[in-house]
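Peer 1: kindly generate the corresponding structure for this input.
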Amino acid sequence: MSNKYPIKRYPTVACCGLDCGLCPMYYTKGPSRCPGCCGPDFINKYPSCSIITCCVKQHNFETCAECKEFPCSKIDKWDKFDSFISHKVSLTNLKLIKDKGLEEFLSQQQKRIEFLERMLENFNEGRSKSFYCIAAALLSVEDLEKSLEESIKHIKDKEINKTDIKIKSKILRENLTKSAKDKSIELRLKRK
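Peer 2: Now for the predicted structure:
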């Protein structure tokens, strides 16, 4: 095993600001599971990333937010041109880390992870994991909490069977979509 990079202390936060702890690949079971940015065995799965090379290998940073040159040309428009929808908040995340510190960001991220894990455990009918991960990354903690509470209330009020995961998923997806629409947030890539 060749590990050219040190293992980061917080692999749930990518160098580029991506919320690895909110990514569908982080929640995949089996050998294709991503360990997070520079997590254990990361280099054997994803051998080349110029951002990691610069941030971790050359400067020993957790994220690009620690760099004096942030935002450099490698990530300056990262959130605008990448097709991975969760990258929309990468620079926002890095700016929060730069302004408030990594611990504050990790605290907020942990709340998002907890909401995501609840959604995956109680509302995933097998087809919604990516949708829930994107919602957890893009919506505010308050909107996630509100959508989850409204869904639980709706299920209880309508006396929907707790084991009817398809209906529960539909209700939560509708509430998350409504929250996103109210804030002009796109939870899906627009088809061209």
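Peer 1: now stretch 126-136, how far from the centre of its chain.
Peer 2: 10 Å (CA atoms, centre = their mean, to the nearest Å).
Peer 1: tell me the buried residues in that stretch?
Peer 2: 128, 129, 130, 131, 132, 133, 134, 135, 136 (16 or more other CB atoms under 10 Å). Quick note: C-beta positions are derived from backbone N, CA and C, even for glycine.
Peer 1: the fourth one contacts residue 172, correct?
Peer 2: No. In this structure residue 131 lies outside contact range of residue 172 using CB atoms under 8 Å: 9.4 Å.
Peer 1: got the phi/psi numbers for residue 13?
Peer 2: Dihedral pair for residue 13: phi -120, psi 120, per degrees, to the nearest 10.
Peer 1: is it bridged to anything, and to what?
Peer 2: On the basis of DSSP bridges, residue 13 is bridged to residue 19.
Peer 1: Provide a list of residues in contact with it.
Peer 2: Contact analysis of residue 13 by CB atoms under 8 Å, 6 or more residues apart in numbering lists 19, 20, 21, 37, 62, 63, 93, 97, 102, 105, 106, 109.
Peer 1: which of those residues ranks first by neighbour count?
Peer 2: In terms of neighbours by other CB atoms under 10 Å, the contacts of residue 13 top out with residue 37 at 29 neighbours.
Peer 1: beyond the helix or strand of the chain with the lowest mean pLDDT, next helix or strand please.
Peer 2: Sorting the helices and strands of the chain by mean pLDDT, DSSP states H and E puts helix 78-81 at the bottom, at a mean of 63. Downstream of helix 78-81, the next assigned helix or strand under DSSP states H and E is helix 90-100.
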